[in-house]
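> Build the 3D model from these lines:
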Amino acid sequence: MSATRKIIEAYYDDDFQLIAIHSGMEDFSLAYSLNKGCELQLKRTDNDLSYGENLLFSMFDWEDEINQNYWVLFTNSCDQEIGISEGLFTNDVSQKTDFLVSEHKEVDYFLRIDTDDMGIMDKTVKAINAMPNIVTAYSIDPNALKSKSNLIF
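Modelled structure (predicted):
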């Protein structure tokens, strides 16, 4: 007999805001820049965000207890080595790139904000766009994403 599990909606909190960030910066440099430019305190989590086999997405978070906000910065892409291909150039390693939000493959990072303050989104997007080495940042409606379930952790 198989077990049936139902998710109780009261405990399934999927109400959050999402900012897409385009930048060639390394994840730790972006977290540092966000900490300075947006007055955050993002820190690397002990465990990376894990999906599927060997898919690890770096993650930084901060729980702002004063304003009751929870901030999470994470990468959208993960490179994994497929194997060694043999051919003209021996010992070539093939790589495959997987995306956490496959509908937005062009996005390098996402900043997720769990908050009740609706004004924080515009202020944060403006602050990120004013930072050096940021190509662009903009808000995304998480309810329009097919892969929204990947962002609930």
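> where does this structure have low pLDDT?
Residue ranges of the chain with pLDDT under 70: 1-14, 81, 83-93, 149, 153.
> Tell me which residue is most central in it.
Phe74 (2.9 Å; C-alpha atoms, centre = their mean).
> residues contacting the closest residue to that one other than its chain neighbours?
Distances taken as C-beta to C-beta, 6 or more residues apart in numbering put Met59 closest to Phe74, at 4.5 Å, once the chain neighbours are dropped. C-beta here means a position set from N, CA and C on the backbone, and glycine is covered the same way. By C-beta atoms under 8 Å, 6 or more residues apart in numbering, the residues touching Met59 are Arg44, Thr45, Asn47, Asp48, Leu49, Val72, Leu73, Phe74, Thr75.
> Does the third one belong to a helix, a strand or coil?
Three-state call for Asn47 (DSSP: H, G, I helix; E, B strand; the rest coil): coil.
> How many neighbouring residues does it have?
Applying other C-beta atoms under 10 Å, we find 8 residues neighbouring Asn47.
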